[in-house]
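J.: I would like the atomic coordinates for the input below:
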Amino acid sequence: MEINLQNKKIELIQWLSTLDDISIVDKIIKFRDSEKKDWWNDISETEKLSIDIGVEDANNGKLNPHSEARKIYEKWL
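T.: Numbering: from 1, shown residues only. Predicted coordinates for the structure are as follows:
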């Protein structure tokens with residue numbers, strides 16, 4: 001599998017090196033930049049607050065084991 005991935009990368013590099021169409025290069029750059037986007041910037045303030053509260057709870061040892069959560073929510077699982 002790893003060799004196949006490397007071969008595909010080499011193919012892309014070779015193809016990219018032959019491109020003369022700036023619009024295709026720009027699209028590839030735009031795609032690359034979109035892949036680097038931080039999901040934190042795309043979530044709501046409510047979601048961020050919820051995550052912060054969860055992290056704070058975890059840091060303070062306020063966690064329940066998975067088995068306990070399954071018991072509580074078993075009827076919905």
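J.: From one end of stretch 32-39 to the other, what's the distance?
T.: End-to-end distance for stretch 32-39, by Cα to Cα, to the nearest Å: 15 Å.
J.: and I28, how many neighbours does it have?
T.: 13 (other Cβ atoms under 10 Å). Quick note: C-beta positions are derived from backbone N, CA and C, even for glycine.
J.: Give me the three-state assignment for it.
T.: Using DSSP: H, G, I helix; E, B strand; the rest coil, the structure places I28 in helix.
J.: quick one: contacts for it?
T.: Listed by Cβ atoms under 8 Å, 6 or more residues apart in numbering, the contact set of I28 reads L16.
J.: Would you mind measuring from it to I10?
T.: Separation of I28 from I10 (Cβ to Cβ, to the nearest Å): 16 Å.
J.: what does A58 give?
T.: Separation of A58 from I10 (Cβ to Cβ) stands at 43 Å.
J.: ok, now I22?
T.: Relative to I10, and taking Cβ to Cβ, I22 is found at 23 Å.
J.: domain assignment for this structure?
T.: Recorded structural domains for the chain (assignment: automatic domain parsing) are 1-37, 39-77.
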